[in-house]
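Colleague: Generate coordinates for the sequence data below:
(2 chains)
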Amino acid sequence: MSVLLESSSTTAAMRRNFWSGVWRVMRRKPSRLVGAVLMVGFVFMGVFGPMFYPDPLPRDVNQLTAPPSWQHWLGTDDQGRDVVALVITGSRYVLLAALVTAVITVVLGTGVGLYSGFKRGRWDTVLMRITDMKLTIPGLPLLLVLSTVWKFNSAVQMGLVLGLLSWGGVARAVRSQTLSLRERGFIEAARGLGLPTTHIVGKELLPSMAPYIAMNMLIAITGGVYAQVGLFFLGVLPYESNNWGQMLNTAVFRSGALTVPSGLGFLLGPLLAILLLTLAIVLVVDAMDEIFNPRLREE
Amino acid sequence: MKRLAAVVALLGLATTTAACSAGTDDSAGPGGGRIFTTIDASRPGLDASAPANPWNPKGNSFLGYNGMKLAWVKNDLTDPNQFYPGIAASWDIAPDNSSITLHIQPDAKWSDGKPVTAEDVRTSIGIAYTTGSTAFAITPGAAGTAADITIVNDKTVKITQDMKNPSVKFARGVLDNWVVPAHIWGSVLPATFWETLKTSRGEGAAADKARQEILAIGQKVLAFSPPKDVSAGPFTLERVNPGEALLVKNKYFYNAKNVAPTAVKFLNYNGNEQVWNYLSAGKLDYSGFVAAPTDVMNRIKKAPGSHVITGFSPVAVGMAFNQSKKPYDNVHVRRGLAYLIDRAQVTKVASPDGGTPSLTTSGIHQVPAKAWIGDELNRLDPYNHDVAKADAEFAEAGLKKQNGKWLLPDGKPWTVTMTAPSGFSDWVAAQENIKSQLIDAGVNAQVITVADYPVYLQGLSDGQYDVGFWLMALGPAPYDIFQRLYGASNGWTNVAGRVTHSAPGKGGNWMGGPEEIDVKGVGRVNPGELTAELNSASPEEAKPIMAKLAMASNQDLPAIQLWDYVNTTFTNTSRFTDWPPNDSDMLRLPAGVWMQLGMVKVKQ
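Modeller: This is a model prediction of the structure:
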């Protein structure tokens, strides 16, 4: 009983130390706090944002592609709808697709990398050759070809395709980490104790790589956003009435945002959203790097 | 001293730069003349490797400049047989429309100095047969085709019409054809070509084989690359690179003394926004219609010398229904939607400068409609925006309203799914606006885009879409106007003068409308048969038929006419003057034709 109590109090103390460490890291560079706030803001925007607006969004046909004003901070689109409202309601598709992309990238990449690095031998060779093949296929041209045959009808489908095209790099990196870790003493000890493979992989290897994987996941989100926004911007995907990439496409090719200043707000809206999302992720990854890497801690 | 030397050096550099800049003046053409700068509004993207071949879709043959036709079709409100002279200086049409005799320009010469002869015209007609052309079609029973081509003398050719299935548009079908030099292009037609053509007009296996042989020659024609551009037009192709195509003046052109520019430069573009930038910068002397939002249009108009010419464009756009799909088979649903859609709002969003909201659905563009059906136009239901009337129509169709949403008669959800080709930005914008309007009124709606126009047309023809946009009112010929609503797309085909109707979903019938309509005040009519009658009807005979068809389309609504297009042509008066006025019948012809006719002069 006392052992149990001691163990739970140790865990609680470690958790307290962890969160106080997180707070210290955040305070050291306030920009990281900004990143975290932005990140929370984007999650809130994706989950709850569309609930604040009616569907369809109100439109004013007397203000088509209007410049920024007090009434419309970033102006209006070519249908007379508020650009800020479009960015907020359009975030759900973009963020959901990016999240699905990131999850698939990380789950597939980590699975293949771990299995390959831990098992080695024939499986390693086969899986790494597949990974090599995957890495040699250029992503954007393949997506352009795929878009002619696949309709990408939902954010989940979009994320699925993007995820299946982006796991290669993560698999390679995780395999390298696994190869390095599996020779370490604590893994040798676990093997010596006769612990099952699932325990060694699940309890020993994965936790050691968790921060790295989490950071990769965040970076994969930006990749997912860029890829889908790019495809919508190029106009190769079926029309989606409310999507950041579609907004960019409409702003440039339909509203002449690069020709007339009145369309600039329409162009800036989705660009700012992408910029802020990238910034948030970079700042949070920077903080995570320091939180999980003792060598980077300054104290 | 050093400072003085630096100043002198800088001044020297500035002088040199200024001198170099003057030397690369864009408007200076060969021989010190003036270059005319334009774009080919019908084809984005120059292909430097494409041949100077008018039949090649990417060919560097520019209509009216180095690409010549027998004559140039005027933008007439009602008469399809009005032309300006091209290679043909004049023509005599037989009173019964059974033949046309062409008189070639007496002074016409190719750019290599050889005269344009009747043999050139005959060879060009032969090539037209291989590539598909209205008067020179090899489809058995096609309307308004030529039966015989006779060289009367070196400058005269007579073409007779096959009177088994005549068309009032026969002269247009003949004159609206390219002319190329026989001494360059003659080799694409085999020596036995005219014999093969004769065989193809028969029936049976031999005729089928002959038709296949002729179509196979068409493929060679499309790929043919003349070693050098030899043109009878005012210009010849000098060079093309991915950025621009340069054409220089053809000194042998029959009216060369009245062609002001010494060269024409076609700038490359891949999207409308590039053209907007060219126009805003005052770079282009002329551009055909390019859709532009209001702000962009205003900016273009502010460019120095900018001059916009507007006129009639015989095209309208409609929201067409696939009546094989429920609930669009019910006329009350179609009428309800017509009452719900505010066409003025749609036009304002989608085509503010390129269109005018349709007065109603008549199947005819509002400008010629007055000439064709007169006061009958005012008696048609205007389908003004009226939610109460829409609700009444939906209720009559058996639709149910629950919690502010219209449901199908069986209580299932109803979504109006509209499809458009993704490149047609005005159509997509219009559908997005209609979607919002319908949702506001409790009708769920969505917009779907497909890759491009050919894919879109294929999808329509395959019956894949419930609702799609459809170009209609394609004047000026009465038959052309109504065949968009009551032609092959709605089941009626006119072969060898016999009209047949295919069941919905078959023979290209994707609209799936009823074969007969009980038109109020007229009685039961077969709109396809009435439309076919227009093919050979005189203008006076056509008017009552068109009135009946307008009433039928207004009552039955195979498509809701949304807006009627306006022709908008961009010109610049900084370097050239003497442009056609607004509403000119030249407006849909390129500036190269205006130059041929002695217009477009260098500004002094």
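Colleague: OK, contacts around the residue nearest to B:Ile217 when sequence neighbours are not counted?
Modeller: Once flanking residues are discounted, B:Ile217 sits nearest to B:Thr130: 4.3 Å by Cβ to Cβ, 6 or more residues apart in numbering or on different chains. Quick note: C-beta positions are derived from backbone N, CA and C, even for glycine. Residues near B:Thr130 by Cβ atoms under 8 Å, 6 or more residues apart in numbering or on different chains: B:Val188, B:Leu189, B:Ile214, B:Leu215, B:Ile217, B:Gly218, B:Lys220, B:Val221.
Colleague: Only the buried subset of those, as a PyMOL command please.
Modeller: PyMOL command restricting those to the buried ones, with burial defined by 16 or more other Cβ atoms under 10 Å in any protein chain shown:
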select buried, chain B and resi 188+189+214+217+218+221
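Colleague: Now, the contacts of B:Thr130 that are in strands?
Modeller: Using DSSP state E, no member of the contacts of B:Thr130 sits in strands.
Colleague: I'd assumed B:Thr150 was in a helix, is it?
Modeller: No: if the criterion is DSSP: H, G, I helix; E, B strand; the rest coil, then B:Thr150 is strand and not within a helix.
Colleague: Distance check, it against chain A.
Modeller: According to Cβ to the nearest Cβ, to the nearest Å, B:Thr150 and chain A sit 50 Å apart.
Colleague: what number of residues lie near the residue nearest to that residue when sequence neighbours are not counted?
Modeller: Spatially, and ignoring its direct neighbours in sequence, B:Thr150 is nearest to B:Lys158 (4.6 Å; Cβ to Cβ, 6+ apart). When neighbours are defined as other Cβ atoms under 10 Å in any protein chain shown, B:Lys158 has 16 of them.
Colleague: ok now do B:Phe424, which residues does it touch?
Modeller: B:Tyr453, B:Phe469.
Colleague: List the contacts of the closest residue to chain B within the stretch 101-250 of chain A.
Modeller: Among the residues of the stretch 101-250 of chain A, A:Tyr239 lies closest to chain B, at 3.8 Å counting by Cβ to the nearest Cβ. Listed by Cβ under 8 Å, 6+ apart, the contact partners of A:Tyr239 are A:Gln246, B:Ala420, B:Ser422, B:Val428, B:Val447, B:Ile448, B:Thr449.
Colleague: how close does it get to B:Asp285?
Modeller: Using Cβ to Cβ, to the nearest Å, we find A:Tyr239 at a distance of 35 Å from B:Asp285.
Colleague: Close to chain A: what parts of the stretch 401-550 of chain B are there?
Modeller: B:420, B:422-423, B:425, B:428-429, B:432-433, B:435-436, B:439-440, B:447-451 (Cβ under 8 Å from any Cβ of the partner chain).
Colleague: neighbours around the residue nearest to B:Ser231 when sequence neighbours are not counted, how many?
Modeller: Leaving aside its sequence neighbours, B:Ser231 sits nearest to B:Asn66 (Cβ to Cβ, 6+ apart; 4.0 Å). B:Asn66 is flanked by 27 other residues according to other Cβ under 10 Å.
Colleague: where are the low-confidence patches of the chain?
Modeller: No chain specified, so I'll use chain A. Along chain A, the model assigns pLDDT under 70 to residues A:1-16, A:294-299.
Colleague: right idea, wrong chain: chain B
Modeller: For chain B, applying pLDDT under 70 flags the ranges B:1-33.
Colleague: go again using 80 as the cut-off
Modeller: Within chain B, the stretches with pLDDT under 80 are B:1-33, B:133, B:139-141, B:423, B:451, B:495-497.
Colleague: can I assume the residue nearest to B:Thr150 sits in a helix?
Modeller: No: counting by three-state DSSP, one finds B:Lys158 to be strand, located in no helix.
Colleague: Okay, and A:Phe42 sits in which element?
Modeller: In the assignment (DSSP states H and E), A:Phe42 maps to helix A:30-48.
Colleague: how close does the closest residue to A:Leu108 other than its chain neighbours sit to A:Met209?
Modeller: Leaving aside its sequence neighbours, A:Leu108 sits nearest to A:Trp167 (Cβ to Cβ, 6+ apart; 3.9 Å). Separation of A:Trp167 from A:Met209 (Cβ to Cβ): 15 Å.
Colleague: between these two, which one's more packed in?
Modeller: Comparing A:Trp167 with A:Met209 by other Cβ under 10 Å, the one with more neighbours is A:Trp167, at 25 against 18.
Colleague: What strand or helix carries the residue nearest to A:Val229 when sequence neighbours are not counted?
Modeller: Sequence neighbours aside, A:Gly245 is the residue nearest to A:Val229 in space, at 3.7 Å (criterion: Cβ to Cβ, 6+ apart). Taking DSSP H and E as the criterion, A:Gly245 maps to helix A:244-249.
Colleague: Show me which parts of the helix or strand just after that helix are buried, residue by residue.
Modeller: Next in sequence after helix A:244-249, counting helices and strands by DSSP H and E, comes helix A:264-292. Within helix A:264-292, the residues that count as buried by 16+ other Cβ under 10 Å are A:264-270, A:273-274, A:276-288, A:290-292.
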